[in-house]
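1. everything below, folded, please.
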Amino acid sequence: MTIEDWRAEIDAIDDELLRLLNARAALAIRVGESKRSVGLSVRDGEREREVIERVRRANTGPLDDRAVARLFRRIILESRRAETVALEETGTLAEGALR
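-> Below you'll find the model as predicted:
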């Protein structure tokens, strides 16, 4: 394979990652709506820790566990932000919900 072939594969993976990240964010928004309906905070530190630990255990590399944890912390942060924006747009974000 050539560099161009590998880059084409990377581009295809990037496209799939983008699709999956947006699908994840859409689900996070739905979870946020459910949380709102029962008066829960957007942030759930215990669930976030569970997600990080689960993906670290599932990691087979070549990314090390620290890299995987950093990536997923950012994914979680951006998912929470998407939840917050969606709730703000509908006017249903409870005061203090981000804590």
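2. and the helix or strand Arg49 falls within, how far out from the chain middle?
-> Per DSSP states H and E, Arg49 falls inside helix 45-58. The chain centre lies 12 Å from the centre of helix 45-58; the measure is CA atoms, centre = their mean, to the nearest Å.
3. hmm, who's touching it?
-> For helix 45-58, the surrounding residues in contact (CB atoms under 8 Å, 6 or more residues apart in numbering) are Asp65, Val68, Ala69, Phe72, Arg73, Ile76. For the C-beta atoms, the positions are set from N, CA and C on the backbone; glycine is no exception.
4. show me what the very next helix or strand once past that helix is packed up against.
-> Downstream of helix 45-58, the next assigned helix or strand under DSSP H and E is helix 65-89. Other elements packing on helix 65-89 under the criterion 3 or more CB pairs under 8 Å, 6 or more residues apart in numbering; DSSP states H and E are helix 3-37, helix 45-58.
5. might you calculate how far helix 65-89 sits from the centre of the chain?
-> 4 Å.
6. just want the angle from it to helix 45-58.
-> For helix 65-89 against helix 45-58, the angle by axes from the mean of the first three to the mean of the last three CA atoms, to 10 degrees is 140 degrees.
7. relative to helix 3-37, how tilted is helix 65-89?
-> 50 degrees.
8. quick one: buried residues of helix 65-89?
-> Neighbour counts using 16 or more other CB atoms under 10 Å place Val68, Ala69, Phe72, Ile75, Ile76, Ser79, Arg80, Ala82, Glu83, Thr84, Ala86, Leu87 of helix 65-89 among the buried residues.
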